[in-house]
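**Q** predicted model follows, preceded by the sequence.
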Amino acid sequence: MDTLINKDNILAVTRQGRTRAESTDWFRVAVGLYYLANLMTKETIDFKTVDREFNRFIYHTIGGGHTITSVLQFMSGKDVLPVVQSERFMTAFRTTCTDVPPDSIPFLLELNLGVAKNISKLEVDGPVHDWLEARKRTGEGI
């Protein structure tokens, strides 16, 4: 987290969820998108420092047992799809988190799947992969 503004933006999106479960999912996706978007830099990244900052923010927001790793795992599973397909989430994210362009979300999700594939050495199949492939075939934006 480079600035308090990013944290405030993520929390603003989170507060727009209608239930605790929805808010938690929205938080996971918003913080995950910020994390992945911050990887798009030419600068050297100190992952230990960045992950520690994100993990502290995640812990203070949704509690123990949640880390940037668990957030990214969530984002590679089927539970991310209802969030990114939610018009309410997309409206909240689009208007609040202006430093992460909404049209970059498919790319960021694909990046996340690619990292998961490199770490696990397994093929990345499943609902998120299928959704991304379908969007590519139709040329659909987000």
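**A** Nice, thanks for sending it over.
**Q** so who does residue 110 touch?
**A** Residues in contact with residue 110 (C-beta atoms under 8 Å, 6 or more residues apart in numbering) are residue 132. Just so you know, the C-beta spots here come from the backbone N, C-alpha and C atoms, and that holds for glycine as well.
**Q** and if you look at residue 11?
**A** Applying C-beta under 8 Å, 6+ apart, the residues near residue 11 are 27, 61.
**Q** for it, helix, strand, or coil?
**A** Secondary structure assignment for residue 11 (DSSP: H, G, I helix; E, B strand; the rest coil): helix.
**Q** now it: how far from residue 62?
**A** 11 Å (C-beta to C-beta, to the nearest Å).
**Q** now the common contact residues for the two.
**A** In contact with both residue 11 and residue 62: residue 27, using C-beta under 8 Å, 6+ apart.
**Q** do a quick rundown of the helices in the chain.
**A** 4-14, 20-38, 47-62, 68-75, 80-84, 87-96, 105-120, 127-138 (DSSP state H).
**Q** just send those back as TSV, with mean pLDDT too.
**A** Listed next are the helices of the chain as TSV, based on pLDDT from 0 to 100:
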stretch	mean pLDDT
helix 4-14	88
helix 20-38	96
helix 47-62	93
helix 68-75	93
helix 80-84	97
helix 87-96	97
helix 105-120	87
helix 127-138	90
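**Q** deepest-packed of the ones you listed, please.
**A** helix 20-38 (a mean of 21; mean count of other C-beta atoms under 10 Å).
**Q** give me the contacts around that one.
**A** 1-2, 6, 9-11, 13-17, 45, 50, 54, 57-58, 61-62, 66, 68, 71-72, 74-75, 79-80, 82-84, 89, 92-93, 97, 99-100, 104-105, 108, 111-112.
**Q** that one vs helix 4-14, what angle?
**A** 150 degrees (axes from the mean of the first three to the mean of the last three C-alpha atoms, to 10 degrees).
**Q** just the CA coordinates of helix 20-38, formatted as CSV?
**A** Extracted in CSV, the C-alpha atoms of helix 20-38 (Å, rounded to 0.1, in the frame of the first residue of the first chain):
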residue,chain,number,x,y,z
ARG,A,20,-20.7,-9.4,5.8
ALA,A,21,-19.9,-12.2,3.3
GLU,A,22,-20.4,-9.9,0.3
SER,A,23,-18.3,-7.1,1.9
THR,A,24,-15.5,-9.6,2.6
ASP,A,25,-15.5,-10.9,-0.9
TRP,A,26,-15.5,-7.3,-2.3
PHE,A,27,-12.6,-6.5,0.0
ARG,A,28,-10.6,-9.5,-1.2
VAL,A,29,-11.1,-8.6,-4.8
ALA,A,30,-10.4,-4.9,-4.4
VAL,A,31,-7.2,-5.5,-2.4
GLY,A,32,-6.2,-8.2,-4.8
LEU,A,33,-6.6,-6.0,-7.8
TYR,A,34,-4.6,-3.2,-6.1
TYR,A,35,-1.8,-5.7,-5.3
LEU,A,36,-1.7,-7.1,-8.8
ALA,A,37,-1.9,-3.6,-10.4
ASN,A,38,1.1,-2.6,-8.2
